[in-house]
Every structure is written in C-alpha cells, then in structure tokens.
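K.L.:
Next one to model:
(2 chains)
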There are 2 protein chains.
Amino acid sequence: MQIIKYPEQNQWEEILRRPMLKTEKLFDTVQTIINQVKGEGDKAVLAYESQFDKVELSSLEVTPEEIKEAENKVAIELKSAIYLAKRNIETFHSAQKFKGKKIETMQGVTCWQKAVAIERIGLYIPGGTAPLFSTVLMLALPAKIAGCREIILCTPPDRNGNIHPAILFAAQAARVSRIFKIGGVQAIAAMAYGTESVPQVYKIFGPGNQYVTAAKQLVSLRDVAIDMPAGPSEVEVLADETANPVFVAADLLSQAEHGVDSQAILITTSEKLMKEVQYEIERQLGYLPRREMTEKSLKNSKLILVKDREEAIALTNEYAPEHLIIETADYMDIAERIVNAGSVFLGHLTPESAGDYASGTNHTLPTNGYAKAYSGVSLDSFIKKITFQEIQSEGLSLIGPAIEVMAANEELDAHKNAVKVRLRNL
Amino acid sequence: MQIIKYPEQNQWEEILRRPMLKTEKLFDTVQTIINQVKGEGDKAVLAYESQFDKVELSSLEVTPEEIKEAENKVAIELKSAIYLAKRNIETFHSAQKFKGKKIETMQGVTCWQKAVAIERIGLYIPGGTAPLFSTVLMLALPAKIAGCREIILCTPPDRNGNIHPAILFAAQAARVSRIFKIGGVQAIAAMAYGTESVPQVYKIFGPGNQYVTAAKQLVSLRDVAIDMPAGPSEVEVLADETANPVFVAADLLSQAEHGVDSQAILITTSEKLMKEVQYEIERQLGYLPRREMTEKSLKNSKLILVKDREEAIALTNEYAPEHLIIETADYMDIAERIVNAGSVFLGHLTPESAGDYASGTNHTLPTNGYAKAYSGVSLDSFIKKITFQEIQSEGLSLIGPAIEVMAANEELDAHKNAVKVRLRNL
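P.N.:
Model (predicted):
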C-alpha cells in the first residue's frame, strides 16, 4: 500500500495510473487460434480443449441430464441466495425497458425509436476453482428480459469434462438457451464465427483472462460486438471522518482479493481515518484465506489524503472508478457531483459486495477509466434502437426544399433527385 | 447491377455479402503515425499536415475571425436549410433524454441509473471537395443536448489552410467548442491522446476513409471510445407492386453515388417492378453528375426477386441494412417485423435523403450488418448511465445473508466480510 498525502494536481496522472493488461502482445498467438476455429470449427475447438483444458471431450454441449444432476448438487442455501439475487436483478433491469415515443418533428414528419433485442448473444464465464455463477445471472437475466431469442454460454470444463454445478444451476435459473464446455480463445472464436455445434452470435459478453480479452478485442474489430473493453477490477472508497475504518478496510480488501492486478484506492479528507484504515487492513488481512494474493494486489493500492471535499470529488472524477463507495456524512450531495464512475455505493451500509451479488444493479462495469465514456451492462446492452420515420405529403413539402439545398451543397445530386422526383409527383 | 431471381436460402450468405474494407493491413502504417503524434504532439501533427494535406500551417486552431468570415460566405438559402435541419434534429434528439427512476428492489435497497454526459468528445469530419456539414449537425447537436462540456472538431484544411465555410457555419450553429485544421490519422491520434493544442477526448465520432477507420479501431482498443465500427454505406429498398419505380430507382442511385464501395439492394416480390426499376436506373443515371462513380458502385448492387412477403422480410433481417426503405402498401405491418436495421424509411414519400439531412433522425448508422448488434448514433451515444444504490439497515438485513452465501461459494471471503462487519454492527 502506498500512502500519499496532499498530492499536487500535476501528480494526479501518476497517482491514478492503473496496473495494465498488455493484450496487444498476445494478438498473434490469439489470432492463430481464432483462425483455426474459424476454419475448422468443432475439430479445432476439441483440439484446443485437449491442449489448454486438458480434457478429451466427445461432445461440446452440456446435456439436460447434466443440468438436472447439477441441480441436485447445489446446496439449498445457495439456491435460495441465487433466487433472491435473481429477483432483485430482474426487478431493477425490468424497470429499464425502453418505450420510444413518436415525435412529429414537423407537420407530416414523424420519427421514433424502437428497442429490439439482439437476437443471439454469447456469454463467456471463466473457469478456475471458484465458479462465477453471479456473472451468469448478471448477463443472462437482462438478456432474457430484453428478449434475446438465443443465449449461448461457454465456460471451460474441468479435467473430467464437468462444469461446476452452481454455474449450471444459475444458467438454468436464468434460462440460458444452450451451454457449451469451451474455454478461452476457442470459446470466443466459436461464438464469433459459429461451428457445427455452436451457433454464431452477434454480441459477446463476459470477463476473462488476458487471452480472452485479446480474443474479444480481435473479433470485435469487424465481426461481432462485445460488451466493453476489459481491464483489472478496481474500487475507490471516498470517505470522511464519519466513516467506519473497519468497513472501509473491508471494502478495500474485498477488491484486492480479486487478483494481483486489482486496485483499491482510498481518497479521504481525514488523516485519522487513513491511519485507522491502514491498521485495519493489516488486522483483517490476518484472517483472510486469499492473504497472499491480496497482499500482492495491495501493492497497487493507495491511501490518498486530500486537503478538502472539493479535491476528493475532482480526483474521483479524474480516476473514474469502476466501483465507488461514498462513505461520508453527506454522501448524497457528493453523489450528485460524480460524473465518472461505473457503479456508486452510497453510505455506510452499502458495500460493493451488495452490487456484486444481490442489490439488483449490474456488476459488469467499465474498468480502467472507461467510465469516462462507457456505461456498465444494463438492459441497453442487449438491445439496439432502430429509428423509424414516416413522411406524409405535407411533411415532404415542408422539408423537401431544405433537403434539396443541402444535398446540392454536399454535391450529392442523386440524394437531391430522390426528393425531387417525389415533390414533382405530389 | 446483378439480377437475382428466387434465390434458395443456402445462397443468402453469398448474395448478401458486402464489399469490405480491409483495414487490418493498414495497422502498421497507421500505428506509426499514432505513435508519432502521441509522442511529439503538435510538432508531429504539423509535419503530417504538410505531408498529407500539403499545407504549412502556423497554428492548428480555427480562429473566431475565420468563423465570422465563413458565415458571410454561406448562401442564405443554405443557412435556412441548415437551420431547418437543426431544429428537427434537436426536436427528435431532445425527446430522447433519459430520466432514471429509483427502484426499491427490496425494502431498504434502492437502485437507480443516472445519465451523465461524456465530458469531452471529438468529432472527425472528412475533407474532400464536398463539405459534410450535415454530419457536423448530426454529431454536435445531440452532443450539446446531452450536455457534453467540450466538443472538439477536427477536419482537414485545403491547400491554402482553409476549412469549407459550410463546415464552419454548421459547427458554429451547433455550438462546437473548438475546431482544428487536422485531417486523417493525425486528427484521430491528436484527439485520442491530446497535444499542446488539442484537448484529449473520451470518445471519437465521425466517418472517414480506411486510414481514419483503422486509426479509430486502434485507439479504441485501449484508450478512447468510438461511435461504432465503420463500413461502406448501404441501402435496401423493400418494395412491392405498389411502389413507384421512379422513386425506387432514385433511392438506389442516391446510395450508389456515395462511393465505389457503396451498396444498393432492391428486394421485391414484383418482377414487373424489378424490370421497371432496372430501366429507370439506366435512365436516371444519364443525367447524374457523379455518373462514373455511381456506375462503378452499381456493380455491388443487386435487384433480388423473392417469392413472397415472408421471404422479403427474412432476407431483410438477415442483411440488416444500414438504411431500409419500405415502399409497399402495407409498410407499417412490415416495419413491425423488422428486427435488424439502422434506420427505416416508411412508405412512398420517405426517401433516405430525408433522414440523411432533415427529418430529425440521425444519419450516423451501423453498416456492414452491424445493425444486428449496434444502434445508430442517438442521445445515448453521448452519455453514460451510472448506477447508484443505497442500502438502509433494513435492506442489509434482508440481502446480507444471501450475499454472504454467494461470496463464500465464489471463494471471495473478503467480499463476504464486507457484509459481515456491517451486519454485526447493525
């Protein structure tokens, strides 16, 4: 952990620098795998599963029997928790449905937008010892609410060819259409281009390691949309002297345990709080199972003491954190002035964990300062808005001459002509 | 023009294939220019302006005097047309303002979204003989309505160091903050990374040639958002026997004149109409000034006769046209069933030109089939939605235990702990 007191504004850029993934260096390797899958389909996917996931699969798709079995293996307590989270995520995302209204911009000229679901989407859920079933909910539930017709999920199997039961249970609960035992770059390529088994999708969502991230970047250059660019996860706590140092330390640590490149930052106006948080982090670290990795990622973390509330807000907007927890007396006033952040957690009883799992907001959020231009995943991510316009003869008379003048000035005479032949006919 | 009658479904992919930009081959060249601008700022920009735009500039920014002069040079007729278009674009985009509502997902758990403008955005407007002032309006007006604080515009100067007056007038009318005489890759790099003169922006919008497109792709991999991936412009006309062949031909030609890689497609259920349109295209081509280029791009164009209305709709959704003009008797019924398109023009009196200039809808739209996953530019493109959540003690009691169970099952104990320390304190 680095302690920074009263930084000058010219130090901000340096202070707020993030640990970075350098995915470009992987592009050649990753492109080779993508090309193989694009060219050879299932055959290539099966070969890469053997090579990277050390498993010989006879078929790629998870069967209904496997899903049923999984359901029996998930503890009732976890099932209830998943159902609670599911309900809240559904409540919040259902409220985001878009209803376009018809606008008459001039008499006889009516324009509107209509939201239409992306027909086929793909979700990638990483493997590893811990099953990220929460991400299954965060991506598949809004997709279903949006009306996506087909939701494909790819996740790497273990060496016995099995998927973690909690993943399968969450996928079933969220009504994922089809689940495939495919990991890494080969999963992204299979969904981007389709294979004999895997349907081609129009947009790919979900987290992954640097290879998966590079693959998503490469396929998104031309062939398929992706949720957003990826970077390591991060949290900022903005706290004043009213904050509870035990809570603040717990919040910073909950981010730090994500991975060695995670970043947790405290920005505070209280030197007393800063010292107490520092002490608390050391204390709580003592009883955390992921201590070693958490300690490593704490090296990226910073406790920053600033001179006043104004500077705390300015520094926060400059950092544009993925997660921002505001633990101050006047958290609502500060929230009003936040312009760059992914998801904001307000007050002393709203830990990031709440949004990670169960409050109802989405946990797929812009990292790496992308919050300056990107939103997190929401219902919007699963639809596109098509614009419509209908012009009556009266409307064409009103706007036709302006169109003709503008088209002529842009030297697009056929554009002008498309209006002219109609005006002549009115 | 290719005539295709009653294609089988297995031919669809081939029939609907688009002329493609191959930007990846340019990546090395383009990255070199980007790196120079990133490293050397204005000095590199000035050198590239000399090299590519053949102009020696003493300063990059357009002055207030130049803008005033431009205003005097624009014909009153064009000014009026621009004001009419401006008003309609503003009317339609103002109606798109997002108002998030607070949702109590459980008692004591409140979540909401808030739209916040992207603070600084950059617009790129290509050069050439025809000034694309309409694109200035389409990008700057929604940005202003969204509340973007700073709108930067880059466009290449002519060999005398001047920008076309219509561009400057439109920029002034749309309240662009600052205008720079920079073209091509160097403009994209300057806006992505900032130079001594040009402020760094968070999102870049606007069309361009294949070098500009490649530059936008490269800077978007990590550093800045872009509007959407680019491809050649295209139109589909879906018409039945009630369509006027003169209008249909004019609509196809208005797309074909955009560039040699543009694509214009007719899908119709009427062989009679197809023949008449074919004749009309030849006839109208005779009096178009851009005849030579239009003839070249007509080589990419197709007149497709299908067996019925159902097939016409299915083929349309598979093609996912940037612009779709529905010239049929039952155009509203067909519109209901369109799921993949950028902007749809309804009926016999709604040419694409209307949306290109003045109906009020945006003309920056997804090409190349991207309409399957992307929307066109709208007010959404200039904002991000930040999520907020506030949990009261009652809410934490309700969702806390579920969070603990889920976090433990994902092996994220510090996440669990952030809830535990709070529950213990209630």
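K.L.:
do you know how far the residue lying closest to A:K299 once chain neighbours are set aside is from A:T269?
P.N.:
Nearest residue to A:K299, sequence neighbours excluded (C-beta to C-beta, 6 or more residues apart in numbering or on different chains): A:M1, at 7.4 Å. Backbone N, C-alpha and C define where each C-beta goes, glycine included. Applying C-beta to C-beta, to the nearest Å, the value for A:M1 to A:T269 is 19 Å.
K.L.:
Ok, A:N10 next?
P.N.:
21 Å.
K.L.:
Of these two, which one has the most company?
P.N.:
Shown here are A:N10 and A:T269; by other C-beta atoms under 10 Å in any protein chain shown, A:T269 has more neighbours (19 against 7).
K.L.:
Next, count neighbours for the closest residue to the more buried one other than its chain neighbours.
P.N.:
Nearest residue to A:T269 in three dimensions, chain neighbours excluded: A:D240, at 5.4 Å (C-beta to C-beta, 6+ apart). Applying other C-beta under 10 Å, we find 18 residues neighbouring A:D240.
K.L.:
Up against chain B, what does the stretch 51-200 of chain A have?
P.N.:
Proximity of the stretch 51-200 of chain A to chain B (C-beta under 8 Å from any C-beta of the partner chain) is limited to residues A:77-78, A:80-82, A:84-85, A:87-88, A:91-92, A:95-96, A:101, A:103, A:105-106, A:109, A:111, A:113, A:116-119, A:129-134, A:166.
K.L.:
Now the buried members of those.
P.N.:
A:78, A:81-82, A:84-85, A:88, A:91-92, A:95-96, A:103, A:105-106, A:109, A:111, A:113, A:116-119, A:131-134, A:166 (16 or more other C-beta atoms under 10 Å in any protein chain shown).
K.L.:
on that earlier part again, which ones among the residues of the stretch 51-200 of chain A next to chain B map onto strands?
P.N.:
When DSSP state E is applied, those are split such that A:I103, A:T105, A:M106, A:V109, A:C111, A:Q113, A:V116, A:A117 fall in strands.
K.L.:
Would you mind giving those residues as CSV with pLDDT added?
P.N.:
Formatted as CSV, those follow (pLDDT from 0 to 100):
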residue, pLDDT
A:I103, 98
A:T105, 98
A:M106, 97
A:V109, 98
A:C111, 98
A:Q113, 98
A:V116, 98
A:A117, 98
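K.L.:
ok, now how distant is A:Q172 from chain B?
P.N.:
Taking C-beta to the nearest C-beta, to the nearest Å as the measure, A:Q172 falls 16 Å from chain B.
K.L.:
Now that residue: which helix or strand?
P.N.:
Taking DSSP states H and E as the definition, one finds A:Q172 inside helix A:165-173.
K.L.:
Need the contact partners of the lowest-mean-pLDDT helix or strand in chain A.
P.N.:
Least confident helix or strand, chain A: helix A:291-298 with a mean of 86, by mean pLDDT, DSSP states H and E. Contacting residues not belonging to helix A:291-298 are listed as A:1, A:253, A:256-264, A:281, A:285, A:288, B:414 [C-beta atoms under 8 Å, 6 or more residues apart in numbering or on different chains].
K.L.:
can you pull the alpha-carbon coordinates of that helix into CSV?
P.N.:
Only the C-alpha atoms of helix A:291-298 are listed here, as CSV (Å, rounded to 0.1, in the frame of the first residue of the first chain):
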residue,chain,number,x,y,z
ARG,A,291,-4.0,-13.5,2.0
GLU,A,292,-1.0,-14.0,-0.2
MET,A,293,-2.7,-12.8,-3.4
THR,A,294,-4.4,-10.0,-1.6
GLU,A,295,-1.1,-8.8,-0.2
LYS,A,296,0.3,-8.7,-3.7
SER,A,297,-2.6,-6.6,-5.1
LEU,A,298,-2.4,-4.3,-2.2
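K.L.:
What strands flank the next helix or strand after it, and is each parallel or antiparallel?
P.N.:
Remark: after helix A:291-298, the chain's next helix or strand is strand A:302-305, criterion DSSP H and E. Taking DSSP bridges as the criterion, strand A:302-305 forms sheet pairs with strand A:2-5 (parallel), strand A:263-268 (parallel).
K.L.:
Give the next helix or strand downstream of the first one.
P.N.:
Pointing back at strand A:2-5 there. Downstream of strand A:2-5 (by DSSP H and E), the next one is helix A:12-15.
K.L.:
next one: that next one to chain centre, how far?
P.N.:
A distance of 25 Å separates the centroid of the chain from that of helix A:12-15, by C-alpha atoms, centre = their mean, to the nearest Å.
K.L.:
And for stretch A:360-378?
P.N.:
Counting by C-alpha atoms, centre = their mean, stretch A:360-378 is centred 6 Å from the centre of its parent chain.
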